[in-house]
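coordinates only, no sequence provided:
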Ligand code: NA
Ligand code: NA
């Protein structure tokens, strides 16, 4: 039972995370506001990062850590750019 | 998933719980973005994922790999720290942009600029004005579709 | 390891290092940059000549491979290997010659028209060198991209509406083609598990039948990518505008670029689908032949329909491509030998043409083209004009214009394939090869498509002659008030040098043809290439 | 898994192709980017799909090739990503310059007909 | 010695021609001497070879040229070639002598003599070639140099047109001749003239005989101005008269008939030859003579007469009888003699009287009696009057015409045509004499006062007329032996018995001659006045070759060509893209459809729900991006980002962490890049909203179909591969040796920096080049007028600042970024550390120089976003171009180091270094390489992003300048 | 010291990051130190406002409080989402006059507010010091003002000012 609990729960978690991405994707596609799109894109980055961590747990391998780390540190750069574009009409002034 | 056998039972259970918790919170947040009626409400939803959603899964990872490697593995904490530090930037800018847009369009549901200019001003209620039925023309790409009313 | 072995990597490294080093030199120091660039280019030409000698002196007769060079010292089928044979040496030398001429030409003014000209130019050469030398399919892609990237920069060098507009088309289409390249290469890898060309050729006969069509699909998609670069109809409409838009020295070096596509097709089709390929032998040859024929027809019309000289030159490039593709499609060693000669001759002459155009057009008013061609083509000049003109008999032609006129005439002969310059030998060599596939005197049936091709090769030359004559008369003979062009020695000298080379190729046609004969024969003998890359040389001995 | 990825490659390709046939330069850029994804995944798929077999060797540095995903397509994709990035950037700038010089964002620099 | 004589004969004119260019520009006399000496030398050398060719001998000189193709530089002189070479150099010499007086000092003499000598050399080459390809070479050269000679006075429209037409026609012919010769070569197996001449039977029996014949005849007819290609010749009269005299008597046009005679043993004697050559000759004979009668230009008359006489020669050659050939060769010589003298006389008249118009010339005999006499004699020769050479060959012609050679209607009408043509020749000859020399001088005076030319200008005419007389009276003693040598060299054993005497008794040919003379004279008497006044020839007046030629060339070479270019080409991008996609689909599909695609069974067959869901999201985003890209650029960009993110997760999922991180950082930077550009794109216009008509909808449908096909194809192929077992691949080698020999645990990274480091070197070069290009392009960037203005948001936010008195401009913007910028700045050192980590760990863990570089660049960009360009650049000097240069050099030179140790380029070194305190540290030279990659990537990425970002500040600067200027103007006006 | 190590705390934090990322070994310590110093010097070039950390010992306490608050808010918001629209919930803006002026302190406050589900940082006017937040479930605005000011702002002012 305990041997199976981890695989099952990780699979369930992955499905949930993917479902979350789906919800966010809905907002990215439909809006209605441009801010919604960017907000949900940013949230998708986080979900993707979590997904990477679960893949790591599932495979028992640390090699996906770098991907998650980069998502965490740099993932916001593009959303910041999008948000600034919305706010100022220009990314770099 | 060969390594699942190597994991002590307590660690497996703990990891499983944390993983499901984090993913569940994240999913709830995502559902929130669908559920909430206005942008300013929707801003709150993803924070479920960026706060304890992330926290739980990071902890799960720490538990899992520490138990596997039999030594503390804590570098995942960095992920939590950086997520917490960077998420606000986007949200602040987005909220500001939305506020600005609503104000220029004369939306009465958002507090006016004057509120912050005079300390202790009044506040107004948000009545979920921008539901999903709205036209997508509120993207800044189509300003000419909706005429501007500069303040 | 013999030091001459390292020469194989020099055509790639020398331009790279020069280009990178020039980035560290301040933009305002034009003379220094030009000197370094020129010195590097001379050195490159010397190396290319040496390599050609090495390739020609290959032991063991026609089929043997001169040498191969395992980059990073890993054995051949696994890592990247550079391969020198007569064909690659010839292409290298051709590129070096044209590049040197273009570079000298650009020193008059173009190298100052935008930042980092010399770096872009050197890196273009690096790409060319790599594309010609590499024996690895994916590495070929990389060097194609280096070449293309530099060509994007050089095409846009100097900016301007026309350049940017045609540059947009050029870049878009080449990007799409690059994606096809990737699809093709990876598909081939997916089926065969290798990227080394020789290894690939060695593995092909053993490909199981149920995988064969996937390999064919990969090769065909790859072929489309090459055909875009070679500008086969209907994939080459971007070429005339792009080449016309480019600055003169750039357009001149661009002439070599289309030949890279032809080179790749020639190399791969003969290596992979040559005689030992079993079921796959001759794959794609018919498509190449008919594609080349279609290109020839279209380009011939284009040459005739061109008003501006730049476009005329662009279509001449297409004619050259069409001829070469069809010749490659015939897949015969004698034809390929002639085609190689033709490749060199037509490249040199078109390059010279592009450079000449700038000098000629410098003297002319804009709009004169349109006016003159409508008038002369429709025979609508008034009689009064005729009377008036008759009185100006015997006015002396200014010296510069005379030199330009002679150059123009020579280029017209080269493009038309008329004697005495190398264009004639080239066409004759190809035609006589086509008509006598089994050698002169051996009776053979000549199929209709060969006749069609022979006719088109001849007619395209005629069209070039008609168009060049129309343009030449308009430019050099018509009494339009032309300002005496201000021409610098560095601009005329490269043109004259290229034409002299064409003359030399005529006189020394025998030696040249025996070189291309040997090159073509070894291309038709893939087994020795495979053995040369996989079996011998420094690759085998140096595995760590 | 294989089927999912195959369909995904197809959908990305289709979307990209649709966009590169459109008349706006921006559509062209987005289309080529989508095509890049499709092609990158395609190259990647040529090494067959493996879960949990990243080609990173263990501490002793020895490895049985059959235990690892094919590293070659991965290396190829890396190169392709970099080159794709560079050329996308270039195309973007060229379309900006074209837009500046011609005033139009049509791929031909002027509206057709 | 004799061997080299031939070479000298050919080379001398070319060498002398080049030498004449080098003379000073005012050297008329030296140039004349040079040319005269050259032609004289050629003549002398030719004459000196007579003993060798006399008894049927052949002089050969063979040089190797392109032996493998059967192309040899073979010179070959037999009797026939000898007589032609003598004629060419002899008449050439006379023309030089004549031209000395004809060409005015103002004309560019050097050019004249260069063209003339080169042409002479080419013509000698034609007659002396012993290899058919070589003959074609010289043949084309005569076309080219005659083009230049005809267009010598290129300021005249007539000269330009005439030259263009001559070259077009003769070049068409020349290329046809080349094709024909190639076919002959194919049949015979050699281009060697001796071999070809010996293979007559084989050629005539071959299936390809007719095509070869047609092609070769196309060449000879165009050159010899045979109907229907005759019209270029009269237009070529725009050439200076010495040139006309040379081209249209002994050379150019003679090349055609020369070649027909040369190949006569090979090609003649078949019905095809007889009908084609005979008919063309007959029509040319009659039509030329007919049109000649009506010419008002003296040179025009001579030109049409030339056509007529060439027709006569062709007709003789067509007959296929040895006697016909004798007559043909004889008439070639005779025609050359009298026609050259007549052209020169015409030139004298033109030169001295100032006009060549027959209507304006009259009674000239009293001013120039000597010239007049000579011209009369020459005309008589042309008309075939007894005791002149023309009579003799014409008699032979009549004699052959009445013979039956092949039973056909052409044969039947030949005698009548012969008589008719001769009669008309008599008429135009009489008209020439009568109209120019006889009668009263015209009422209005000549443009110049006519007088006799200098003696040496007249001498060539005199010499040639004497030749006409001598040959006419004592043929056997003068031309006889030479003619025999020529004829027997062509015919060999088949040389017939013939007698060259004036009187053969009362024969049918004599009667025909008499009839022709009488009829011609009567015709002139009857219609002379009419001819003098005729504007255009009746009957064939509208048959204007020139006009037809122009029409045809314009149609083919201009209108049709443009049509083809328009219909089968395009200059628009969309059709090109469509074609490319279609071609790619076809290329991929055809092999698959032909053999049938089968899928394998390998691979993980289970459906992973999460993975499927992931790609459901990815596909929605991709399709969404495609759909939104037109109107919602930002949405499309966000969707593109989402798709990229899904791709990135896929790489994580499928064991490719390196790809995931690379994809991710590239994704981020690309988004920023596109956003930077978005600001400069135009607002979407309402007009573009809907595809209007049914055609637009059809087009979209077609594109959709293409997109679906392309997608389906990629799906099928990738699925087919993924389900197949992995082939025995090169990958195993890399996995096995990555650590033991490459020193890295990250196999992908070891491949990138070591096994296939060369790829990486190229790849970073691409990046660097692109960055430099972007930089260069943007230096000259100018925004479209409608995007110069500040974005709307900024304008409104500025208006807030302006509304409040104590707020300075930009305060609102600063306020908006007040808190976010703090976090963005604190992330800078973190990103630096992260980049360092990725760089140094790359060899063993996911990462590497590229990812590190892009991450570093993202750090820089973040600062630009947080605080603006000016603020950052006051504090950080990044110098991206230096980063690029140093990075590239570092990557390249790391590899070169190994060559110093004798290893191959890029060979990497790897060892563990024992350091105190720290312990064993792995050191791989590949790390240095990766450092170079890092430097380049940082530089290139930053350079691109910053270059675009800078446009905003430039725009501001430009806008400020604009405002200032406007203000100044306002002040000036107020 | 100041010129070599302009931000000692930052340098230490970066070094710790490095060691966490790699391993706690002498070699990595040296390497990490070099990199951390370089990174802080790059930071110094940008010259942001230097935070004055007066009492950093308060940091763990604040962190603990925040973590718990966030956990509670997580549950609250989760229940809102799970409850759908059944409960009548009012969202709204709250304007809070702040006394905290330190930029870094404000940034930390922004992180706290944002990370707490149910509150969102909307706008801050640095001249008046008024902060506008959005609250998902707004019952009493004064309660929120008190929460922010007493619970977070006070601690932050102790740490930074
Ligand atoms: Na008269
Ligand atoms: Na929050």
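Now that the structure is in, tell me what you want to look at. Everything numeric here is computed off the predicted structure, so don't read it as measured data. Ligands and ions are numbered 1, 2, ... in the order given.

may I ask you to name the longest helix in chain B?
helix B:76-104 (DSSP state H).

buried set for that one?
B:76, B:78-104 (16 or more other CB atoms under 10 Å in any protein chain shown). All C-beta spots, glycine's among them, are computed from the backbone N, C-alpha and C.

near chain F too, which of those?
The subset of the buried residues of helix B:76-104 within reach of chain F, counting by CB under 8 Å from any CB of the partner chain, consists of B:78, B:84-85, B:87-88, B:91-92, B:95-96, B:99.

where in the chain is pLDDT low?
Because you didn't say which chain, this covers chain A. Counting by pLDDT under 70, chain A shows low-confidence ranges at A:1-3.

looking at chain F here, not the other one
Judged against pLDDT under 70, the low-scoring parts of chain F cover residues F:1-4, F:48-49, F:84-87.

centroid-nearest residue for it?
Relative to the mean C-alpha position of chain F, the nearest C-alpha, by CA atoms, centre = their mean, is the one of residue F:108, at 2.1 Å.

show me the helices in chain D, by range?
D:2-20, D:25-45, D:71-102.

got JSON lines for those, with mean neighbour count and distance to residue C:148 too?
Output for these, formatted as JSON lines (neighbours: other CB atoms under 10 Å in any protein chain shown; distance: least, CB to CB, whole Å):
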{"stretch": "helix D:2-20", "mean neighbour count": "26", "distance to residue C:148": "17"}
{"stretch": "helix D:25-45", "mean neighbour count": "27", "distance to residue C:148": "14"}
{"stretch": "helix D:71-102", "mean neighbour count": "26", "distance to residue C:148": "8"}
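
reformat these as JSON lines; add distance to ligand 2 and mean pLDDT.
Written out in JSON lines, the entries for the helices of chain D read as follows (distance: least, CB to the ion, whole Å; pLDDT from 0 to 100):
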{"stretch": "helix D:2-20", "distance to ligand 2": "34", "mean pLDDT": "95"}
{"stretch": "helix D:25-45", "distance to ligand 2": "32", "mean pLDDT": "95"}
{"stretch": "helix D:71-102", "distance to ligand 2": "34", "mean pLDDT": "91"}
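
adding distance to chain B, write those helices out as a markdown table.
As requested, these are exported to a markdown table (distance: least, CB to the nearest CB, whole Å):
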| stretch | distance to chain B |
| --- | --- |
| helix D:2-20 | 17 |
| helix D:25-45 | 11 |
| helix D:71-102 | 15 |
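
nearest to chain F, out of those helices?
Taking CB to the nearest CB as the measure, the helices of chain D were each checked against chain F, and helix D:71-102 came out nearest at 22.0 Å.

quick revisit: can you redo the helices of chain D as TSV with distance to residue C:68?
Compiled in TSV, the helices of chain D are given as follows (distance: least, CB to CB, whole Å):
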stretch	distance to residue C:68
helix D:2-20	36
helix D:25-45	26
helix D:71-102	21
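
can you lay out those as TSV showing distance to ligand 1?
Compiled in TSV, these are given as follows (distance: least, CB to the ion, whole Å):
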stretch	distance to ligand 1
helix D:2-20	75
helix D:25-45	73
helix D:71-102	66
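
quick revisit: so the longest helix of chain B, near chain E or not?
Yes - among the residues of helix B:76-104, B:82, B:85-86, B:88-89, B:92-93, B:96, B:100, B:104 lie within reach of chain E under CB under 8 Å from any CB.

now, which of those residues lie close to chain A?
Among the residues of helix B:76-104 next to chain E, the residues that sit close to chain A (CB under 8 Å from any CB) are B:82, B:86, B:89, B:93, B:96, B:100.
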